[in-house]
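J.: With the input below, show me the fold.
(one chain, ligands or ions: 1)
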Amino acid sequence: MIHPARLAIATVALVFAAELGPAIAQTSLTSGGPVDPALIEDLVAANRILAEEGVLDAYGHVSIRHPNDPNRYLMSRSRAPILVTASDIMEYDLDSNPIDPQDRRSVIERFIHGEIYKLRPDVKAVIHSHSPAVIPFGITQVPMRPVAHVASFLWVGVPVWDSRDAHDPASAGMLVRNAALGKSLASRLGDKPVALMRGHGNVVVGPDVQIAVRRAIYTEVNARLQTTAIAIGGPINYISAEEGTARDAAATDFARAWELWKKKALGK
Ligand SMILES: [Zn+2]
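T.: Okay, the predicted model is just below:
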């Protein structure tokens with residue numbers, strides 16, 4: 001349950017479209033309503049954590065599905081993730097139209113988020129990054145597979161999406177700059193937690209933003225470790241499907257990692 005007082009604070013902090021009659025008249029899109037500030041704080045923290053951990057640089061973005069309206073999502077305006085604050089968070093419909101843009105510029109590749117939310121009702125958070133260590137696995141014939149227990153969730157397989165597979169006029173530009181490219185990528189992701197984007201980066205999804213962040217960080221770590229294992233040579237003793245399944249079902253103490261990452265990222 002969200003305390004009414006917190007909702008009131010969120011309304012003031014985020015200045016959502018619900019408070020701005022003229023903006024609604026212009027767009028005819030309605031807001032999903034105010035959001036618990038604690039959730040917005042986690043979204044801001046996610047941006048900064050992923051930048052600090054080397055997953056995001058000046059580019060890349062994190063979104064969450066609106067907690068009260070599954071047809072809306074929340075994401076920062078176009079801004080380097082390490083600089084994101086609560087006032088940068090914008091609301092979108094699933095066609096990736098901003099609800100109340102004001103003067104804020106949206107990220108070009110926002111269609112990644114809207115199209116994944118359309119196809120995956122289970123997904124509550126989406127991360128797109130140019131996670132550097134994953135790039136080799138999107139351009140070679142070696143599939144990414146889990147080599148460390150922290151990345152055991154990759155046991156289900158990591159599909160690779162090639163923008164050219166979409167046969168869209170914008171494919172050669174490699175950025176997901178329209179809904180057709182976003183839908184193609186979302187289809188390639190399927191029911192998996194991670195998909196690589198050839199020569200570009202990846203998308204990582206989760207049932208909440210904390211789990212999505214954990215997956216994004218350990219996908220990058222796993223890519224580095226798998227590359228090292230390949231360089232050492234010989235057969236690789238990967239994390240097995242049995243182990244991956246068991247770990248997916250097991251309780252974790254992830255809360256302590258989130259506490260640490262958030263403290264480092266927000267300084268509190
Ligand atoms: Zn990108």
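J.: drop to CA atoms for contacts and neighbour counts, all remaining ones
T.: Noted.
J.: residue ranges of the helices in the stretch 1-150 of the chain, please?
T.: 4-14, 21-27, 37-52, 111-119, 135-139 (DSSP state H, counting those that start in this stretch).
J.: again, but for the stretch 151-268 of the chain
T.: Under DSSP H, counting those that start in this stretch, the stretch 151-268 of the chain gives helices at 179-189, 209-232, 241-249, 255-266.
J.: Go through those and name the closest to Pro34.
T.: Evaluated with Cα to Cα, the helices of the stretch 151-268 of the chain place helix 209-232 nearest to Pro34, the distance being 17.9 Å.
J.: buried set for that closest one?
T.: 209-227 (16 or more other Cα atoms under 10 Å).
J.: my guess is Leu196 contacts Val160, does it?
T.: Yes: in this structure Leu196 lies within contact range of Val160 using Cα atoms under 8 Å: 4.6 Å.
J.: Now do the shared contacts for the two.
T.: With contacts taken as Cα atoms under 8 Å, 6 or more residues apart in numbering, Leu196 and Val160 have Gly138 as neighbours in common.
J.: who has more neighbours, the two?
T.: Leu196 (29 against 21; other Cα atoms under 10 Å).
J.: residue contacts, Val156?
T.: 192, 241, 244.
J.: How much space separates Arg145 from Ala186?
T.: 20 Å (Cα to Cα, to the nearest Å).
J.: These two: which is more packed in?
T.: Neighbour tally, Arg145 and Ala186, criterion other Cα under 10 Å: the higher count belongs to Ala186, 25 against 22.
J.: Check the more buried one and give its pLDDT.
T.: What the model reports for Ala186 is a pLDDT of 98.
J.: got it, and Ala231?
T.: 97.
J.: ok, now Ala23?
T.: Looking at Ala23, the pLDDT reads 41.
J.: ok, now Ala172?
T.: Reported pLDDT for Ala172: 88.
J.: Can you tell me the closest non-neighbouring residue to Pro136?
T.: Closest residue to Pro136 in three dimensions, ignoring its sequence neighbours and counting by Cα to Cα, 6 or more residues apart in numbering: Gly199, at 7.9 Å.
J.: what's the spacing between Asp165 and Ala195?
T.: For Asp165 relative to Ala195 (Cα to Cα), the value is 14 Å.
J.: Same check on Gly233?
T.: Separation of Gly233 from Ala195 (Cα to Cα) stands at 25 Å.
J.: and these two? which has more neighbours close in?
T.: Taking other Cα under 10 Å, Gly233 and Ala195 do not tie; Ala195 has more neighbours (26 against 9).
J.: is that one in a bridge, and if so with what?
T.: Val203 (DSSP bridges).
J.: Touching, it and Ser187? I think so.
T.: No: distance between Ala195 and Ser187: 10.1 Å, which falls outside the contact criterion (Cα under 8 Å).
J.: what touches both of these two?
T.: By Cα under 8 Å, 6+ apart, no residue touches both Ala195 and Ser187.
J.: show me the contacts for the spatially most central residue of the chain.
T.: The residue lying closest to the centre of the chain (Cα atoms, centre = their mean) is Ile127, at 1.4 Å. Ile127 sits next to 60-63, 113, 203-205, 212-213, 216 when contact means Cα under 8 Å, 6+ apart.
J.: Surely Met197 is in contact with Gly138?
T.: Yes: between Met197 and Gly138 there is a contact under Cα under 8 Å: 6.2 Å.
J.: Looking at these two, which has the bigger crowd around it?
T.: Met197 (27 against 23).
J.: tell me the contacts of that one?
T.: Met197 neighbours (Cα under 8 Å, 6+ apart): 135, 138, 160-163, 203.
J.: go on, Asp162?
T.: Asp162 touches 197-198, counting by Cα under 8 Å, 6+ apart.
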